[in-house]
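Asker: dropping a prediction and its sequence here:
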Protein chains: 2
Amino acid sequence: MIIDRHIGLYTDLYELTMAQGFYLMGQGEKTAVFDYFFRKSPFGGSFAVFAGLDDLLELIENFRYDSEDIEYLRKIGFKEDFLNYLKNFKFTGDIYSVAEGEVVFPYEPLFRVHAPLIEAQILETIVLNILNFETLIATKAARMKIASKGKMVIDFGLRRAQGFGGIHASKAAVIGGAETTSNVYSSMLFGLTPAGTMAHSWIQSFDSEYEAFKTFADIYQDKTVLLLDTYDTLKSGILNAVKVGKYLENQGRRLLGVRLDSGDLLTLSKECRKILDENGLDYVKIVASNMLDEYRIDDLMQKGAPIDIFGVGTNLVVGRSDAALDGVYKLISIDGVPKMKISNDPEKVLLPGVKNILRYYDENGLFKKDLVVLEEKLKEQGEAEEILLKPVLSSGKRIHTRKPVKSIVEYAKSRIEKLPDSLKNIYKPQVYNVSVCNSVLNLRNSMIKSLSGGFDESTFNS
Amino acid sequence: MIIDRHIGLYTDLYELTMAQGFYLMGQGEKTAVFDYFFRKSPFGGSFAVFAGLDDLLELIENFRYDSEDIEYLRKIGFKEDFLNYLKNFKFTGDIYSVAEGEVVFPYEPLFRVHAPLIEAQILETIVLNILNFETLIATKAARMKIASKGKMVIDFGLRRAQGFGGIHASKAAVIGGAETTSNVYSSMLFGLTPAGTMAHSWIQSFDSEYEAFKTFADIYQDKTVLLLDTYDTLKSGILNAVKVGKYLENQGRRLLGVRLDSGDLLTLSKECRKILDENGLDYVKIVASNMLDEYRIDDLMQKGAPIDIFGVGTNLVVGRSDAALDGVYKLISIDGVPKMKISNDPEKVLLPGVKNILRYYDENGLFKKDLVVLEEKLKEQGEAEEILLKPVLSSGKRIHTRKPVKSIVEYAKSRIEKLPDSLKNIYKPQVYNVSVCNSVLNLRNSMIKSLSGGFDESTFNS
């Protein structure tokens, strides 16, 4: 991640306005608990792949206000007492979270902050910004990987990413199931091996397509992947690729692949496969790109397209068409007293209290159901296979160092494999069984009854 | 912008792979020209608002490779000669662009790079990443502003932005028509005045809603905007707001506004307006938020909702539902020889040659049509009101210093005002007349005939 020294300002104004209010009222030190959760799985799926945790923890550890920030906040009207507080701001609380790469479901508490109210409040925007986005993209990648039936999926999306959102997008795509990315920056930052082929401009800059291909092969040898559609895929591109494949064979080398980037990918991939095979180039891989998503990939695979690698851009890195996850960060308790926002909209009613998630398996070792339970009642649920929320940050310090992305990738893969097929369906998945234990529901019901909103008619005209 | 020292790596691997190829072949110094353009206006509209130019030029001026970058590129297989070249990389070319904030249309060349091939190629990803995204968001904001019929639109979207894409999103939203943003970071960076209200957590952290409101008013006085829906908007929120409004009046102050964040915004805004007015609080503004977009805003305005300010989040900052602009960066000439990618897909065929855009006005001073013309034929088109592409960077150096965002905002506003209403329609706009002059079309036709792709059957089996 770019840890910019102004990261403390990467927040909505109202977080700071409220923080100042809490500070001036002397209630900033009350212990608050906030839950992060989302209400609807993205893309009409049943699940999401939780991502962004390590990036977020790094940002939280580095959340500070330097003298330039303080000067700016003074200029826009913040008060000296509060600015003095911010000068020494650092997060001192505890955080519990599900693992990065975990398969998660709507309404489950995924990330829980226990901290002085003012600190927990100030974190809100960055928590939502990072977890919402990385979870969205990891989930999109997982859906594409499922559709590809085990073929490779590679992120080529940086050019269409939402500005510097591309930094997160490429990494989250890999966590969710993309084998790698074309994004060199994220590859360096997160220890990935970047991938790529060539653009039309390479071919256009030579006098002929063959010369462009051969030159590339001379330089990149066994790593050569040739783009076929600059002039005409079947009448020119694949024929020149075969020539270069033979040319490489004469040197004891092998052409790695050809790339289709326009037209009817089903027909073209079949034709190209046939031409390659007829010329003894059955080892040459076919890469396909051009506005792919999980539905296009699924369609191509169902129809037997001989595509080995899907290069996915726009639809992956911006999480089209959802483009955002609706995750929220809600206050659930202050100084041990449960809190809850009421809403006329039933789906917006919260689950109050400090909670954890228990996960149960079926007889095949697949996920069967989750149970949301009050943390204090955890021990009464003996039979659960797993407790999903674990401490990740204690008194402001990370409990574990940052994990290599490759280990998060492995974890996510192992978890997605434990999802029953009916839940992995990219069209109409079943709904996963997430139950809420009675202790939470009873607490909620008693709170709904007691919360009137505090409007007292007798004082209205005072 | 965050100018990260690794910005040279914020690119697709293939840009560097091709650059190395050009370098090793000794053709990196050939002069290339690349055009940036998009093929389809986003959101089904007729136009886009061009944004991102200043950010992009700043990144281009700072595009470098430091020793750590070089070490990383060595590790992933780049060759020493090329790495030595990259050590001294800096962009030395010329760039022409339409103004930031310009109203632009599909297929128009908006940003043109003249540079040694290797330099122009290396810039591709960052050009697309920045211009595609900022243009998308500025356009979305313009549509919302049009729908609001002059009411205020404020960006509240950072929590749902695509990671650090939020930096660009907030600024682009303001360029397109949002009055301001809740994003403090972007406000500092771009000289904006951030805005915000309060969250439900503020209210929940007090024993009663009234106490929460009154405390906020004590601190923020004339800047107080109260969030009404924590418990019940009509039975509690608005009534407590009236009390606080009266409380402020007793101190010679005025409550600034109330915010509706759930439920039926039409009914609630009418009811709240009525209650406020009946209590002499006719000056209190009504802010509405909750998953708004241009269609919801239009619907509310059509039905007479008395909303003064629209707080827009997710749909604005991620440009939902498009989420990406399909802009491309295409080679159009090398060493003065026009180049063109052929495609079986007619909409993918390029306009070759070094081009500019002329804009013509109708008798009411509104935009009438644009003409894409070869730069060398510009002088033959005497009657045009405006030439849209102008030099912005010469021999790697900015021609003008970075503009204050406020001046870009003013320019965009003045240009959107010159769009005929039929083109501003958010549902089914007319198509703007963009003509391509015969010199470009003739060049294209002659090139299509001459480009065979270079596959020569006689050498196939050699």
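Answerer: Perfect, I can see it now.

Asker: just give the closest residue to residue A:279, not the sequence neighbours.
Answerer: residue A:242 (4.8 Å; CB to CB, 6 or more residues apart in numbering or on different chains). All C-beta atoms are positioned from the backbone trio N, CA, C, and that covers glycine.

Asker: what's the one you found in contact with, if anything?
Answerer: A:275-276, A:279, A:281, B:460 (CB atoms under 8 Å, 6 or more residues apart in numbering or on different chains).

Asker: cool, and residue A:87?
Answerer: Applying CB under 8 Å, 6+ apart, the residues near residue A:87 are A:65, A:70.

Asker: and for residue A:388?
Answerer: Counting by CB under 8 Å, 6+ apart, residue A:388 has contacts A:98-99, A:102, A:104, A:108, A:356-359, A:370.

Asker: what's the answer for residue A:119, then?
Answerer: Applying CB under 8 Å, 6+ apart, the residues near residue A:119 are A:28, A:89, A:91-93.

Asker: how close does residue A:115 sit to chain B?
Answerer: 13 Å (CB to the nearest CB, to the nearest Å).

Asker: please apply the same query to residue A:268.
Answerer: Relative to chain B, and taking CB to the nearest CB, residue A:268 is found at 10 Å.

Asker: how about residue A:17?
Answerer: For residue A:17, the distance to chain B - CB to the nearest CB - is 6 Å.

Asker: residues in contact with the helix or strand hosting that residue?
Answerer: Using DSSP states H and E, residue A:17 sits within helix A:13-24. Helix A:13-24 has contacts (CB under 8 Å, 6+ apart) with A:28, A:73, A:78-79, A:81-82, A:85, A:117-118, A:121-122, A:124-125, B:182-184, B:187, B:194-199, B:201-202, B:205, B:215-216, B:219-220.

Asker: which phi and psi values does residue A:390 adopt?
Answerer: phi -130, psi 150 (degrees, to the nearest 10).

Asker: all strands of the stretch 51-200 of chain A, in order?
Answerer: A:94-97, A:103-104, A:111-116, A:152-155, A:180-181 (DSSP state E, counting those that start in this stretch).

Asker: can I get the ones you listed in CSV including mean neighbour count?
Answerer: Putting these into CSV (neighbours: other CB atoms under 10 Å in any protein chain shown) gives the following:
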stretch, mean neighbour count
strand A:94-97, 23
strand A:103-104, 26
strand A:111-116, 22
strand A:152-155, 26
strand A:180-181, 25
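
Asker: of all these, which lies closest to residue B:308?
Answerer: Smallest distance to residue B:308 across those (CB to CB): 34.3 Å, for strand A:111-116.

Asker: that closest one - contacts with which helices or strands?
Answerer: strand A:31-37, strand A:94-97, helix A:124-147 (3 or more CB pairs under 8 Å, 6 or more residues apart in numbering or on different chains; DSSP states H and E).

Asker: who are the packing partners of the shortest one?
Answerer: It stands for strand A:94-97. Strand A:94-97 sits against helix A:53-61, strand A:111-116, strand A:390-394, with contacts defined as 3+ CB pairs under 8 Å, 6+ apart.

Asker: name the surrounding residues that touch stretch A:281-288.
Answerer: Counting by CB under 8 Å, 6+ apart, A:154, A:197, A:225, A:241-242, A:245-246, A:254-261, A:265, A:269, A:272-273, A:276, A:300, A:305-311 sit against stretch A:281-288.

Asker: hang on, isn't residue A:91 packed against residue A:59?
Answerer: No: using CB atoms under 8 Å, residue A:91 makes no contact with residue A:59, being 9.8 Å away.

Asker: if we can go back for a sec, need the CA coordinates for the helix or strand harbouring the residue nearest to residue A:279. CSV is fine.
Answerer: Assigned by DSSP H and E, residue A:242 belongs to helix A:238-250. Output of helix A:238-250 as CSV, limited to C-alpha atoms (Å, rounded to 0.1, in the frame of the first residue of the first chain):
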residue,chain,number,x,y,z
ILE,A,238,-2.7,-17.3,-36.7
LEU,A,239,-0.7,-18.1,-39.9
ASN,A,240,2.1,-15.8,-38.9
ALA,A,241,2.0,-17.3,-35.4
VAL,A,242,2.4,-20.8,-36.9
LYS,A,243,5.4,-19.6,-38.8
VAL,A,244,7.0,-18.1,-35.7
GLY,A,245,6.1,-21.3,-33.8
LYS,A,246,8.1,-23.3,-36.3
TYR,A,247,10.9,-20.8,-36.3
LEU,A,248,11.1,-21.2,-32.5
GLU,A,249,11.0,-25.0,-32.8
ASN,A,250,14.0,-24.8,-35.2
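
Asker: not including adjacent chain positions, what is the nearest residue to residue A:268?
Answerer: residue A:260 (5.1 Å).

Asker: so that neighbour bridges to which residues?
Answerer: In this entry, residue A:260 is beta-bridged to residue A:288, by DSSP bridges.

Asker: so what's it up against?
Answerer: Counting by CB under 8 Å, 6+ apart, residue A:260 has contacts A:228-229, A:233, A:268-269, A:272, A:286-290.

Asker: residue numbers of the stretch 251-400 of chain A in contact with chain B?
Answerer: Residues of the stretch 251-400 of chain A lying close to chain B by CB under 8 Å from any CB of the partner chain are A:262-263, A:314, A:318-326, A:329-331, A:334, A:339-345, A:348.

Asker: return the subset of those residues lying in strands.
Answerer: Counting by DSSP state E, those place A:329-331, A:334 in strands.

Asker: and of those, the nearest to residue B:35?
Answerer: residue A:329 (43.6 Å).

Asker: now do the same contact list for that closest one.
Answerer: Residues in contact with residue A:329 (CB under 8 Å, 6+ apart) are A:34-36, A:124, A:127-128, B:159.

Asker: so what pLDDT did it get?
Answerer: At residue A:329, the pLDDT value in this model is 97.

Asker: check whether stretch A:73-84 contacts chain B.
Answerer: Yes: counting by CB under 8 Å from any CB, chain B has neighbours in stretch A:73-84: A:73, A:76.

Asker: tell me the mean pLDDT over that stretch?
Answerer: 97.

Asker: most neighbours among the contacts of residue A:329, which one is it?
Answerer: Counting neighbours by other CB atoms under 10 Å in any protein chain shown, residue B:159 comes out on top of the contacts of residue A:329 with 28 neighbours.

Asker: isn't residue A:394 right up against residue A:94?
Answerer: Yes: the criterion here is CB under 8 Å, and residue A:394 meets it with residue A:94 at 5.3 Å.

Asker: alpha carbons of stretch A:362-377, in PDB - could you do that?
Answerer: Extracted in PDB, the C-alpha atoms of stretch A:362-377 (Å, rounded to 0.1, in the frame of the first residue of the first chain):
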ATOM      1  CA  ASP A 362     -21.700 -31.300   6.600                       C
ATOM      2  CA  GLU A 363     -20.700 -34.900   6.300                       C
ATOM      3  CA  ASN A 364     -18.700 -34.300   3.100                       C
ATOM      4  CA  GLY A 365     -16.500 -31.700   4.800                       C
ATOM      5  CA  LEU A 366     -18.300 -28.800   3.100                       C
ATOM      6  CA  PHE A 367     -19.700 -25.700   4.700                       C
ATOM      7  CA  LYS A 368     -23.200 -26.400   6.100                       C
ATOM      8  CA  LYS A 369     -24.200 -23.400   8.100                       C
ATOM      9  CA  ASP A 370     -23.000 -20.500  10.200                       C
ATOM     10  CA  LEU A 371     -24.400 -19.300  13.500                       C
ATOM     11  CA  VAL A 372     -24.000 -15.700  14.700                       C
ATOM     12  CA  VAL A 373     -23.700 -15.900  18.500                       C
ATOM     13  CA  LEU A 374     -22.900 -13.500  21.400                       C
ATOM     14  CA  GLU A 375     -19.300 -13.700  22.200                       C
ATOM     15  CA  GLU A 376     -20.100 -14.400  25.800                       C
ATOM     16  CA  LYS A 377     -22.200 -17.400  24.800                       C
END
